[in-house]
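> take a look and give me a structure for this.
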Amino acid sequence: MTSTQIQESLELFLNQNLDSENHFLVKVNVGLGKVKEGKVQVLMDSDIGITIEECAVYSRKLSKFLDEADFFEHAYTLEVASPGLDFPLSSERQFLKNINRKLLVELKEKGQIVEGKLIAFQKNELQLEIEEKLKGKKAQLKLVEILLENIVKAKVTVSFK
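Predicted structure coming up:
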């Protein structure tokens, strides 16, 4: 079986076995090759945040599924975790969960980077409130709309103010 086929099987299994409608799958990575042979990484999240205990529950379910499916010839390692702040946002639910937080968005257009507060997300478009600095004047807030298709990556930024 290819890593893509295993990944699709795991995604299907997880999506059919979510413990709560708040929970959602972010990403599944399956390593098949000399360096990452049998490494399975699953990133789970929730609209209200996911706990270590909830990740452990999914880990036990997945471990049982992987053992029964017998995808790997040798031992495998399984990691179930939340994506964390350094992981780029990729799904609608992740953007919705992070409304009113600051994002750093890298655009396809000349590697341009925009930083601002996520105000809304709908129909594959996010609205950021950014500070526009004008020469000799006070910074003004400006609303910018960005289509998902124009984004290379978007990450939540941490502010210590």
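
> got the contact list for the closest residue to residue 120 other than its chain neighbours?
Using C-beta to C-beta, 6 or more residues apart in numbering and skipping residues adjacent in sequence, the residue nearest residue 120 is residue 127, 4.4 Å away. (Glycine included, C-beta is placed from N, CA and C.) With contact taken as C-beta atoms under 8 Å, 6 or more residues apart in numbering, residue 127 is in contact with 118-121, 143-146.

> closest one to residue 67 out of these, please.
residue 121 (38.4 Å; C-beta to C-beta).

> partners of that closest one in the sheet?
residue 126 (DSSP bridges).

> pretty sure it contacts residue 93?
No: counting by C-beta atoms under 8 Å, residue 121 does not reach residue 93; the two are 9.6 Å apart.

> got phi/psi on residue 68?
phi -70, psi -40 (degrees, to the nearest 10).

> which residue ranges of this protein form strands?
Remark: strands assigned in the chain by DSSP state E are 23-31, 39-46, 77-81, 102-107, 113-122, 125-132, 140-147, 151-156.

> deepest in the core, which of those is it.
The highest mean neighbour count among the strands of the chain, using mean count of other C-beta atoms under 10 Å, belongs to strand 39-46: a mean of 20.

> partners of it in the sheet?
Sheet pairing of strand 39-46 (DSSP bridges) gives strand 23-31 (antiparallel), strand 77-81 (parallel).

> residue 44 touches residue 24, doesn't it?
Yes: under the criterion of C-beta under 8 Å, residue 44 makes contact with residue 24 at 7.4 Å.

> now do the shared contacts for those two.
With C-beta under 8 Å, 6+ apart, residue 44 and residue 24 have no common neighbours.

> mind putting the contacts of residue 127 into JSON lines with pLDDT?
As requested, the contacts of residue 127 are exported to JSON lines (pLDDT from 0 to 100):
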{"residue": "118", "pLDDT": "97"}
{"residue": "119", "pLDDT": "97"}
{"residue": "120", "pLDDT": "96"}
{"residue": "121", "pLDDT": "95"}
{"residue": "143", "pLDDT": "94"}
{"residue": "144", "pLDDT": "94"}
{"residue": "145", "pLDDT": "95"}
{"residue": "146", "pLDDT": "94"}
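
> alright, that wraps it up for me.
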